[in-house]
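My questions are about this predicted structure, shown below with the sequence.
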Amino acid sequence: MPIRAVLWDIDDTIFDYASADRAGMLHHLTAEGLVDGETSVDQALRRWKELTTHHWRRFEAGGVAFEDQRRDRVRDFLDRPLTDQEADAWFERYLAHYEAAWALFPDTLPVLDVLAADYRHAVLSNSTIRNQERKLRALGVYDRFEALVCAAELGVSKPAPGAFHAACTLIDLPPEEVAYVGDQPDIDARGAVEAGLTGIWLDRTGIGGRPELTRITSLDQLPGLLRDQTRFGAPDTFR
């Protein structure tokens, strides 16, 4: 059955989250007087990344509210007790620097342009609609997608099949007619496959491995993959 729609992840798939997060936190830590020297900066950035991953996984698992994972991240990073208001204020100051660094990956717009006429497009994200809609509008691509589905409002997160099925239901297509593109091999690609979609792992950093997954290393490879349906029977086509 041909693919009729593409569901997209956002962060580190079409939007360069990692670079924006690093640049934003670097400027924030400098403004807050929390780093001194290159070694201190690297250690702080590495710690922030580790805490972001840890607390985001807690949110995805349904163990904590979206706002609370942010507050816990700040408290752990600063290693001191803070009220919710204090943690929120600290995070908001970070956000100002982070948002100033927002950018799409260079291959995002060209590929969306190439695919626009032949495929429908929607977004499925493990975030909140408020955050992701604001981001997509700021990046100038919100109108490229006919639907935006997010875990916080949905009540279920990737890789649970319910998250993928909810997005397919919203665009009124069966899972077998939908491809999902994301940067996480398990949460995105494997989760999509187990939900009956075509899962495509966007391995931008060239980690490799995972031969059971269909893998691309750049969005430039996506149009050819979607239009050559026989390749879906041969995972990890691009090495």
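Looks like it came in fine.

Break down the chain into its helices, ranges please.
For the chain, the helices defined by DSSP state H cover 17-32, 38-60, 66-78, 84-100, 108-115, 129-138, 151-154, 161-170, 191-194, 222-227.

Quick check: buried residues in the one helix or strand in the chain whose mean pLDDT sits lowest?
Among the helices and strands of the chain, helix 38-60 carries the lowest confidence by mean pLDDT, DSSP states H and E, at a mean of 84. Buried residues in helix 38-60, defined by neighbour count with 16 or more other Cβ atoms under 10 Å: 41, 44, 45, 48, 51, 52, 55, 56, 59, 60. For every residue, glycine as well, the C-beta is placed using N, CA and C.

Give me the helices and strands touching that helix, please.
Helices and strands touching helix 38-60, by 3 or more Cβ pairs under 8 Å, 6 or more residues apart in numbering; DSSP states H and E, are helix 17-32, helix 66-78.

Could you list which residues are in contact with residue 82?
71, 74, 75, 90 (Cβ atoms under 8 Å, 6 or more residues apart in numbering).

still on that earlier bit, ok, and what's touching the least confident helix or strand of the chain?
By Cβ under 8 Å, 6+ apart, the list of residues contacting helix 38-60 reads 21-22, 25-26, 29, 34-35, 64-66, 69-70, 72-73, 76-77, 126, 151, 157-158, 187.

Can you pull out the low-pLDDT segments for the chain?
Within the chain, the stretches with pLDDT under 70 are 36-39, 229-239.

So for residue 199, what's the nearest residue that isn't a sequence neighbour?
Once flanking residues are discounted, residue 199 sits nearest to residue 192: 3.3 Å by Cβ to Cβ, 6 or more residues apart in numbering.

So that neighbour versus residue 165, what's the distance?
Separation of residue 192 from residue 165 (Cβ to Cβ, to the nearest Å): 11 Å.

burial of residue 33, as a residue count?
When neighbours are counted by other Cβ atoms under 10 Å, residue 33 registers 7.

Restricted to buried residues, select the contacts of helix 38-60 in PyMOL.
Applying 16+ other Cβ under 10 Å to the contacts of helix 38-60, the buried members can be selected in PyMOL as follows:
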select buried, resi 21+22+25+26+29+35+64+66+69+70+72+73+77+126+151+157+158+187
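
CA atoms only: put stretch 12-28 into PDB for me.
Extracted in PDB, the C-alpha atoms of stretch 12-28 (Å, rounded to 0.1, in the frame of the first residue of the first chain):
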ATOM      1  CA  ASP A  12      16.600  17.100  16.100                       C
ATOM      2  CA  THR A  13      14.600  16.000  13.000                       C
ATOM      3  CA  ILE A  14      13.500  19.200  11.300                       C
ATOM      4  CA  PHE A  15      14.700  21.600  14.000                       C
ATOM      5  CA  ASP A  16      18.300  21.700  15.200                       C
ATOM      6  CA  TYR A  17      17.400  21.400  18.900                       C
ATOM      7  CA  ALA A  18      20.800  20.200  20.100                       C
ATOM      8  CA  SER A  19      22.700  23.200  18.600                       C
ATOM      9  CA  ALA A  20      20.100  25.700  19.900                       C
ATOM     10  CA  ASP A  21      20.100  24.100  23.400                       C
ATOM     11  CA  ARG A  22      23.900  24.200  23.600                       C
ATOM     12  CA  ALA A  23      24.100  27.800  22.400                       C
ATOM     13  CA  GLY A  24      21.300  29.000  24.600                       C
ATOM     14  CA  MET A  25      22.600  27.300  27.700                       C
ATOM     15  CA  LEU A  26      26.100  28.600  27.100                       C
ATOM     16  CA  HIS A  27      24.800  32.200  26.900                       C
ATOM     17  CA  HIS A  28      22.500  31.600  29.900                       C
END
